[in-house]
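1. need a structure here:
(chains A and B)
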Amino acid sequence: DVKVTQSSRYLVKRTGEKVFLECVQDMDHENMFWYRQDPGLGLRLIYFSYDVKMKEKGDIPEGYSVSREKKERFSLILESASTNQTSMYLCASSPPGTGGWRAKNIQYFGAGTRLSVL
Amino acid sequence: QKEVEQNSGPLSVPEGAIASLNCTYSDRGSQSFFWYRQYSGKSPELIMSIYSNGDKEDGRFTAQLNKASQYVSLLIRDSQPSDSATYLCAVNFYTGNQFYFGTGTSLTVIP
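-> Below you'll find the model as predicted:
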């Protein structure tokens, strides 16, 4: 079974703190993703990575950065946490697709980290 | 902007009925379509994937895809209270590995 592990289920931080959210997958997947999920807004992509040291901005990258130094680990960094970053953060991983287009690459999610910024 | 739209609900059905969940998407180049179930406070789990026009059945679940109409649906037969959850539609577009999610439909199955 694919396992995606997020380091914390619940996290409480103060405004202005630097926050690290860690995600590790054990299936040698090339692709890894960070989403945040808010009521009424669904899942919104923050960043994704398709290879070590490679990253692409998603829909809402402002206020976030990421790091992928090893294939199995993808970190989300809040440089200076703000109250509007209070949310559920979900990490996901997927293999690349086959053939000339990247499809059939199912995403597997971690359990999520509920972050509260006070 | 690529869009995936779902009715937010809530959708309520009696136990044993068929629940029908719908999703439309904006990009004709879309290749892969997924339905995830998410229980309150939990992360999404994949229940169905579909890549070709037509129906795909897996137990009580049937996914239906119509690329011409840019429409994908999920039918849940013999609905059970344990099916009560939010159902997320996800679409993978041709252009890359990025997935786009709808906002989800909340389903309640009433015993």
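2. Just checking: what are the partner strands of the helix or strand encompassing A:Glu69?
-> Using DSSP states H and E, A:Glu69 sits in strand A:64-70. Within its sheet, strand A:64-70 is paired with strand A:73-78 (antiparallel), according to DSSP bridges.
3. Show me which residues of the partner strand are buried.
-> Buried positions in strand A:73-78, judged by neighbour count with 16 or more other CB atoms under 10 Å in any protein chain shown: A:Phe74, A:Ser75, A:Leu76, A:Leu78. Backbone N, C-alpha and C define where each C-beta goes, glycine included.
4. do stretch A:107-118 as well
-> Applying 16+ other CB under 10 Å to stretch A:107-118 flags A:Gln107, A:Tyr108, A:Phe109, A:Gly110, A:Gly112, A:Thr113, A:Arg114, A:Leu115, A:Val117 as buried.
5. Got phi/psi on B:Asp83?
-> Main-chain torsions, B:Asp83, degrees, to the nearest 10: phi -80, psi -10.
6. can I assume it is in contact with B:Leu107?
-> Yes - with contact defined as CB atoms under 8 Å, B:Asp83 counts as touching B:Leu107 (6.4 Å).
7. which neighbours do the two share?
-> Common contact partners of B:Asp83 and B:Leu107 (CB atoms under 8 Å, 6 or more residues apart in numbering or on different chains): B:Ala19, B:Ile76.
8. More neighbours: which of those two?
-> B:Leu107 (22 against 19; other CB atoms under 10 Å in any protein chain shown).
9. excluding its backbone neighbours, what's nearest the more buried one?
-> Residue nearest to B:Leu107 in three dimensions, not counting chain neighbours: B:Leu11, with 5.0 Å by CB to CB, 6 or more residues apart in numbering or on different chains.
10. For the strand holding A:Glu69, give the mean pLDDT please.
-> Mean per-residue pLDDT for strand A:64-70: 96.
11. Kindly list the longest strand within chain A.
-> strand A:42-51 (DSSP state E).
12. right, and the helix or strand after it?
-> Downstream of strand A:42-51 (by DSSP H and E), the next one is strand A:54-57.
13. Skipping adjacent residues, who's closest to A:Arg36 in space?
-> A:Ser87 (4.4 Å).
14. Make sure the one you found is actually in contact with A:Ala81.
-> No - contact criterion CB under 8 Å: A:Ser87 and A:Ala81 do not qualify, at 11.0 Å.
15. what about residue 80, how many neighbours?
-> Since no chain was named, I'll use chain A. Using other CB under 10 Å, A:Ser80 has 11 neighbouring residues.
16. Sorry, I should have been clearer: chain B.
-> 12.
17. tell me which residues form a beta bridge with the spatially most central residue of chain A?
-> When CA atoms, centre = their mean is applied to chain A, the residue found nearest the centroid is A:Trp34 (2.0 Å). Listed beta-bridge partners, A:Trp34: A:Tyr47, A:Cys91 (assigned using DSSP bridges).
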